[in-house]
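1. Mind folding the following:
(chains A and B)
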Amino acid sequence: MADCPIPTVTAMLVCDQTIAEQGTNKKSLIGIFEQVGSSRFPTAMPRLSVYVRLVDGSGRYLFKLRVVSLKDEALLADIEVDAEISNPMQAAELVFNIVGFPIPEPGKYEFQLYTGDVYLHRVTMEVQAMQGGIPPWQQQSRPRPS
Amino acid sequence: MATAVTPPSVLADLFPSGMAGTKAEGPSGAMLPGQVAQPERVSKVEVKFFLAAPAGPLQTLPSARPGKLKFGALNDPQYRLRQPIPLAVTVEGASVVVGWTEADEFGVGNTLSAALDDFGASVRELYRRIHESEQLGPDLENIKRILGEYIAPRSR
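-> Take a look at the predicted model:
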């Protein structure tokens, strides 16, 4: 990593699932979101995917995806991936598919990408408490009974 | 009733970018995107997953804010980093401050990443302005030299 060029992140998204098509390697990002609703805490997300598109990379990198609660910048998880980008002329796509990711409380959370101790990028996700089982984004817009 | 708790798990992959083709022909004769097999294999990568946990019943989760880090998020279509910029991270009141001592540049924000965004914007602006100026004093010439060690124009 010491002599490897610093990769540039051109996209970083959170979604339900990232699917790679065998053969073509085309990715399908299913259910891109930035808000999560839950009626109880702590909770866990059944599945969550973080998709990262990198350019300018070449060589072996130790990527770190750090999950941070922005309320107090506490570290929730640290995911390390040792990976090699073999073709510098082509974008590389790093995909984290996470099952059962724990969420302690409502608030903003951030996925921060590092390579070694070099900060590269971040994406934010907001977790909201659902009242009465109604997602926060539907609480204002429900039609009144006539 | 007790419920079984599944420990969280993660699967990570590094892929080459996908490829579409235009060889398939539609009923109207128009060229449609097709799917072309690519011989390169998807590389499985080794993953370590550490879930942070409080050190004790009265202690909170560990801080994600390091005392120092390196900045690699210039995010500029015209310029790239030759090497990461070393930054010191401090907290002043409710603000996080990231500072580059060598060039006397800093960024401020409510969170570490907000401070890093602010720092990136400041450095990009400084690099542009300093390279637009024709007459620089000795201090700014020194800053220009330092910036040149870390930032370079992208090749077209």
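2. Quick one: the helices in chain B, in order.
-> Along chain B, counting by DSSP state H, helices occupy B:112-132, B:138-150.
3. Low-confidence regions, chain B specifically.
-> Low-confidence segments of chain B, defined by pLDDT under 70: B:1-7, B:21-49, B:52-59, B:156.
4. For it, which segments count as strands?
-> Using DSSP state E, the strands of chain B run over residues B:9-16, B:20-25, B:31-35, B:43-44, B:46-51, B:68-71, B:79-81, B:85-92, B:95-100, B:105-109, B:151-153.
5. what about stretch A:59-70, average pLDDT?
-> If you average the pLDDT over stretch A:59-70, you get 93.
6. Restricting to C-alpha, output it in CSV.
-> What follows is stretch A:59-70, C-alpha atoms only, in CSV (Å, rounded to 0.1, in the frame of the first residue of the first chain):
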residue,chain,number,x,y,z
GLY,A,59,-1.9,-2.6,-6.4
ARG,A,60,-2.7,-4.1,-3.0
TYR,A,61,-4.8,-2.2,-0.5
LEU,A,62,-6.1,-2.8,3.0
PHE,A,63,-9.5,-1.1,2.7
LYS,A,64,-11.4,-0.3,6.0
LEU,A,65,-15.0,0.4,6.2
ARG,A,66,-15.7,2.0,9.5
VAL,A,67,-19.3,2.4,10.7
VAL,A,68,-19.7,5.4,13.0
SER,A,69,-22.5,6.8,15.0
LEU,A,70,-22.5,10.6,14.3
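7. Spell out whether it and chain B are in contact.
-> Yes - for stretch A:59-70, a contact with chain B is found by C-beta under 8 Å from any C-beta of the partner chain, at A:66, A:68-70. C-beta: built from backbone N, CA, C; applies to glycine.
8. possible to save the strands of chain B as JSON lines with mean neighbour count and distance to chain A?
-> Listed next are the strands of chain B as JSON lines, based on neighbours: other C-beta atoms under 10 Å in any protein chain shown; distance: least, C-beta to the nearest C-beta, whole Å:
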{"stretch": "strand B:9-16", "mean neighbour count": "19", "distance to chain A": "4"}
{"stretch": "strand B:20-25", "mean neighbour count": "11", "distance to chain A": "7"}
{"stretch": "strand B:31-35", "mean neighbour count": "12", "distance to chain A": "5"}
{"stretch": "strand B:43-44", "mean neighbour count": "12", "distance to chain A": "7"}
{"stretch": "strand B:46-51", "mean neighbour count": "14", "distance to chain A": "4"}
{"stretch": "strand B:68-71", "mean neighbour count": "18", "distance to chain A": "4"}
{"stretch": "strand B:79-81", "mean neighbour count": "19", "distance to chain A": "5"}
{"stretch": "strand B:85-92", "mean neighbour count": "17", "distance to chain A": "8"}
{"stretch": "strand B:95-100", "mean neighbour count": "20", "distance to chain A": "8"}
{"stretch": "strand B:105-109", "mean neighbour count": "18", "distance to chain A": "11"}
{"stretch": "strand B:151-153", "mean neighbour count": "15", "distance to chain A": "11"}
